[in-house]
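*Asks:* after the sequence you'll find the predicted model.
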Amino acid sequence: MLARGVAPGKLILLGEHAVVYGHRAIAAAAPLTTAVTLRRRPGPSSLEAGAPSAWPALALLVPPDGVGVTIDSSLPMGCGMGSSAALAVATVRALAQMEGREASFEECFERAFTVERAFHGTPSGVDHAVSAAGGVVAFRKGSPPALTPLSLATPLWITLVDTGPPIASTAQLVAAVRARQAEDTDVAAAIEAIGVCVEEAVCALEAGALARVGGLMRANHQLLQQLGVSTPPLDAACDAMMAAGAWGAKLSGAGGGGVAFGLAPDEAAAHAIGEALRPSVRSVWALRIG
Ligand code: MEV
């Protein structure tokens with residue numbers, strides 16, 4: 001018997017790191033997904049196809065015996081797009097389907113959190129919440145988390161670029177910010193200021209004021225620089241996207257490398273910005289969000 005679960009990766013539009021301190025973040029399900037297929041088979045459970053590095057996460061969810069797992073993913077791994085969260089949510093969905101039922105949001109959130117905690121220390125939960133919920137959401141951590149679906153006045157065209165593998169894990173980057181904010185009031189103030197950007201961006205997104213959203217993304221990136229989580233390649237990619245016509249650009253996720261994105265005025269601009277960046281980055285996508 002085959003069972004299959006699919007879940008999207010995520011893009012944090014604004015608010016990463018500050019979300020760990022109780023501020024809201026705006027996150028979108030990305031149109032790049034991970035699919036997990038399970039089949040019953042004799043013997044110990046094991047990975048039949050997919051990246052072997054995914055097995056420790058899967059082993060937290062899949063029963064020890066009797067299951068063969070295949071992973072098929074269009075999501076780049078470990079670069080800020082929530083690949084571990086998507087893997088966990090897709091696995092929870094596939095396991096529920098194996099029992100002839102559908103996994104609820106609550107089940108996906110709780111079970112995927114076990115995996116996210118094992119891999120990222122004390123995550124806010126934003127990555128797997130948006131993977132399980134889909135759409136564009138404002139997320140505040142908590143148990144249960146507060147998740148507000150946002151209705152965008154107009155879809156977003158995003159140029160997403162991968163600047164290369166991060167120099168540190170999410171857990172290390174979150175810990176480094178925690179240490180800095182405890183010692184430096186400017187860093188603590190930057191975290192508060194990110195929270196303010198997010199609240200303004202919620203209103204601007206719902207009003208369709210996308211040039212304003214772009215300005216807030218740019219401000220958010222500068223505040224993330226103050227937290228010490230940007231890198232020269234991320235800054236260069238954001239500057240290049242602005243120079244190529246983006247309304248705003250920022251890193252997305254924990255930082256230290258990985259992905260950055262620009263908010264483009266329209267589809268043609270999203271592709272043109274991507275072409276301008278292509279020679280200097282690892283990968284480029286033009287994505288429609290919302
Ligand atoms: C990682 O995708 C987002 C961070 O805010 C960490 C978290 O929310 O757990 C950096």
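*Replies:* All right, it came through fine.

*Asks:* just checking: what are the partner strands of the strand of greatest length in the chain?
*Replies:* Of all the segments of type strand in the chain, defined by DSSP state E, the longest one is strand 25-44. Here strand 25-44 has these sheet partners by DSSP bridges: strand 2-14 (antiparallel), strand 65-73 (antiparallel), strand 136-140 (antiparallel).

*Asks:* want to throw those strands into TSV with distance to Val161 and mean neighbour count?
*Replies:* Where you see a C-beta, it was placed from the backbone N, CA and C, and this is true even at glycine. Shown next, in TSV, are the strands paired with strand 25-44 (distance: least, C-beta to C-beta, whole Å; neighbours: other C-beta atoms under 10 Å):
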stretch	distance to Val161	mean neighbour count
strand 2-14	12	24
strand 65-73	19	18
strand 136-140	20	22
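
*Asks:* which one of the ones you listed lies nearest to Thr163?
*Replies:* Among the strands paired with strand 25-44, strand 2-14 comes nearest to Thr163, with 14.6 Å by C-beta to C-beta.

*Asks:* low pLDDT regions in the chain?
*Replies:* 1 (pLDDT under 70).

*Asks:* quick one, which residue of it lies the farthest from its center?
*Replies:* What lies farthest from the middle of the chain is Pro42; by C-alpha atoms, centre = their mean that is 35.7 Å.

*Asks:* what helix or strand is the closest residue in space to Val213 that isn't next to it in sequence on?
*Replies:* Closest residue to Val213 apart from its sequence neighbours, by C-beta to C-beta, 6 or more residues apart in numbering: Ala204 at 4.7 Å. Using DSSP states H and E, Ala204 maps to helix 185-207.

*Asks:* need the contact partners of that helix.
*Replies:* 13-15, 17-18, 21, 23-26, 136, 138, 150-153, 177, 180-181, 210, 212-213, 216-217, 219-220, 223-224, 226-228 (C-beta atoms under 8 Å, 6 or more residues apart in numbering).
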